[in-house]
Each structure stands twice: as C-alpha cells, then as structure tokens.
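>>> Return atomic coordinates for the entry below.
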Amino acid sequence: FFVAALYTFISNLGSVLVEKSKGYSEEMLTGVFNRKVTTVWALHQNTEIETPIEKVQIYDTIIIHTGELIPLDGTIVKGAITVDQHMLTGESIPVEKTIGDEVFASTVVIAGYAWVKVTETGQNTVVAKIENVLQGTSHFKTSLQLKGEQWADSAATPILGLGILLWPFRGAGVATAVFNCSPGNGIRLSASAQTLAHIILASQESVLIKDGRVLEQLMEIDTIVFDKTGTLTEDRHEVTRVISAQDAYTASEIL
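This next block holds a predicted model:
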C-alpha cells in the first residue's frame with residue numbers, strides 16, 4: 001500500500017509540474033504583448049473624455065498622443081503619427097501613418113497626434129488573435145504523444161480486468177500494483193513535459209513558436225525563409241571590416 005500511495009503521489013506531482021510549466025510557457029509566449037491600457041481618450045461631441053477601454057465600440061473615435069500605446073485597431077481620420085510597430089510586424093524602422101492608414105493595437109506612437117476610428121475591439125484585434133494562436137501552441141500534442149495515449153487507453157481495459165481477476169487470489173496489494181502499472185500517466189506526463197520544455201527554451205531565445213507542429217517537422221526542413229532586417233541583421237549600420245586595395249595603406253589610415 002505504501003508503494004501504491006507513493007506512485008499516486010509521484011503521478012499527481014508530475015501533473016502539477018506539467019500544469020505549472022504550461023502556465024509558464026503561455027506567460028512567456030504572450031508576454032511580448034503584455035502592455036495593456038485600461039482607459040482611452042474618446043471623442044464625444046467634440047470633447048475628449050477618458051473612457052474605460054471595454055466601453056469603446058466599433059466606429060467610435062479615439063485620440064492618441066505621442067508616447068501612448070495604441071489600444072485598439074482602427075483607421076486614422078485626422079492627424080499624422082509615427083508608429084513603432086516592430087513587436088507586431090517585425091519592422092525595425094518606425095512607420096509614418098496619416099489619414100486613411102490602419103493602425104494596430106499594442107503598437108507605440110513615437111511622435112504625432114491623431115484621431116482614430118475604431119475598426120476592431122477586444123479579441124478581434126490583430127494582437128489578440130496572435131495571442132490566441134500562441135496560447136494554443138502550449139496545448140499542442142505531438143503525433144507520437146497522441147499515438148501513445150491511444151495505446152495507453154486501449155491497454156486500460158485489459159489491465160483493469162487483470163487486476164480484478166487477481167484480487168481474490170493475491171489480495172488488494174497485488175491488484176493495486178497491477179492497476180498502477182498502466183503506462184497512461186507516464187506517457188501523458190513525459191510527452192507533455194518535453195513539448196513544453198522545447199517551447200520554453202525557444203521563447204528564452206526570443207523565438208515564438210506559433211504552431212507546435214513545427215517541433216515535429218524540423219527534421220524534414222531543408223530551407224528556411226527569413227525577413228532579414230531586424231531578424232538576422234541589426235537596424236543600425238557599422239563598419240565591420242576594412243579591405244585595402246593596396247598594401248601601402250592600413251585599415252586605420254583608410255578610416
């Protein structure tokens with residue numbers, strides 16, 4: 001009975017650790033967009049009124065100023081602004097936005113002032129949709145894990161039957177040991193843990209995995225396409241090497 005109790009304790013402890021890892025991975029994946037606003041300046045009868053963001057409706061007009069976070073997706077109807085949207089689009093250079101241009105939630109106004117007509121709110125904004133995709137990544141199950149779980153489920157009935165059959169002859173202790181030898185818990189815990197571990201390690205290197213299936217497909221990949229600027233290169237220029245066409249001049253003399 002002690003062994004059975006110890007096994008049950010370890011199994012439950014493993015489940016708790018997996019859940020904690022899942023929560024940690026979700027926090028890291030969506031932490032890139034963790035800046036939120038609770039109130040906005042909305043235009044009502046040509047007057048700027050501070051309004052809770054949950055009360056803003058589509059087609060309402062909000063006003064954004066320099067240094068503020070754009071709270072919702074919309075279209076500029078008045079003014080012009082410079083927006084840093086690299087966290088959302090990967091563009092390292094700030095973008096100029098004027099009348100008729102779209103702006104997106106969670107991007108930052110570097111300079112300017114504008115009226116924005118709201119086009120999307122809540123979970124319909126671009127950044128909210130990205131967060132939902134990233135959260136779904138931590139719940140992804142590999143095909144190997146799914147096959148293992150199916151095998152474990154199919155083994156449950158025979159193991160249950162064997163335990164019940166042995167109970168009258170060998171006692172409750174042996175029957176309990178047979179019940180606990182089911183491979184289901186081990187398969188579910190180990191597969192989930194290794195998937196979450198890879199997602200967490202990638203996020204620590206600033207790599208966001210938006211679809212868990214790529215973890216299985218990495219071995220089959222032979223070509224990777226990158227958006228160069230801001231991904232493989234820095235957004236500032238520097239001299240890294242000086243090559244002299246004539247040996248009479250040193251690199252310092254050329255500089």
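
>>> Quick one: low-confidence residue ranges for the stretch 101-250 of the chain.
Across the stretch 101-250 of the chain, the ranges flagged by pLDDT under 70 are 131-146, 148, 182-193, 195-196, 206, 210-213, 228-231, 234-235.

>>> What strand or helix carries A42?
Assigned by DSSP states H and E, A42 belongs to strand 39-44.

>>> Paired strands for that strand, with orientation please.
strand 47-52 (antiparallel), strand 61-64 (antiparallel) (DSSP bridges).

>>> Any chance you could list what contacts that strand?
With contacts defined as Cβ atoms under 8 Å, 6 or more residues apart in numbering, strand 39-44 is touched by 48-53, 56, 60-65, 71-72, 115. Glycine gets a C-beta too; all of them are placed from N, C-alpha and C.

>>> returning to that earlier point: any chance of the strands paired with strand 39-44 in CSV, with mean neighbour count, distance to F9 and mean pLDDT too?
As requested, the strands paired with strand 39-44 are arranged in CSV below (neighbours: other Cβ atoms under 10 Å; distance: least, Cβ to Cβ, whole Å; pLDDT from 0 to 100):
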stretch, mean neighbour count, distance to F9, mean pLDDT
strand 47-52, 11, 47, 80
strand 61-64, 20, 54, 86
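
>>> any idea where the strands of this structure begin and end?
For the chain, the strands defined by DSSP state E occupy 39-44, 47-52, 61-64, 73-84, 95-97, 102-103, 108-120.

>>> Alpha carbons only: can I get stretch 39-54 in PDB?
What follows is stretch 39-54 as a C-alpha-only set of coordinates in PDB (Å, rounded to 0.1, in the frame of the first residue of the first chain):
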ATOM      1  CA  THR A  39      -8.700  53.700 -20.400                       C
ATOM      2  CA  VAL A  40      -8.600  55.700 -23.600                       C
ATOM      3  CA  TRP A  41      -9.400  59.300 -24.700                       C
ATOM      4  CA  ALA A  42     -12.600  59.000 -26.700                       C
ATOM      5  CA  LEU A  43     -14.200  61.800 -28.700                       C
ATOM      6  CA  HIS A  44     -17.800  62.600 -27.600                       C
ATOM      7  CA  GLN A  45     -19.400  65.700 -29.100                       C
ATOM      8  CA  ASN A  46     -16.000  67.200 -29.900                       C
ATOM      9  CA  THR A  47     -14.800  66.700 -26.400                       C
ATOM     10  CA  GLU A  48     -12.000  64.400 -25.200                       C
ATOM     11  CA  ILE A  49     -13.400  62.100 -22.400                       C
ATOM     12  CA  GLU A  50     -11.400  59.500 -20.600                       C
ATOM     13  CA  THR A  51     -13.300  56.300 -21.200                       C
ATOM     14  CA  PRO A  52     -12.800  52.600 -20.000                       C
ATOM     15  CA  ILE A  53     -11.500  50.600 -22.900                       C
ATOM     16  CA  GLU A  54     -14.200  48.000 -22.500                       C
END
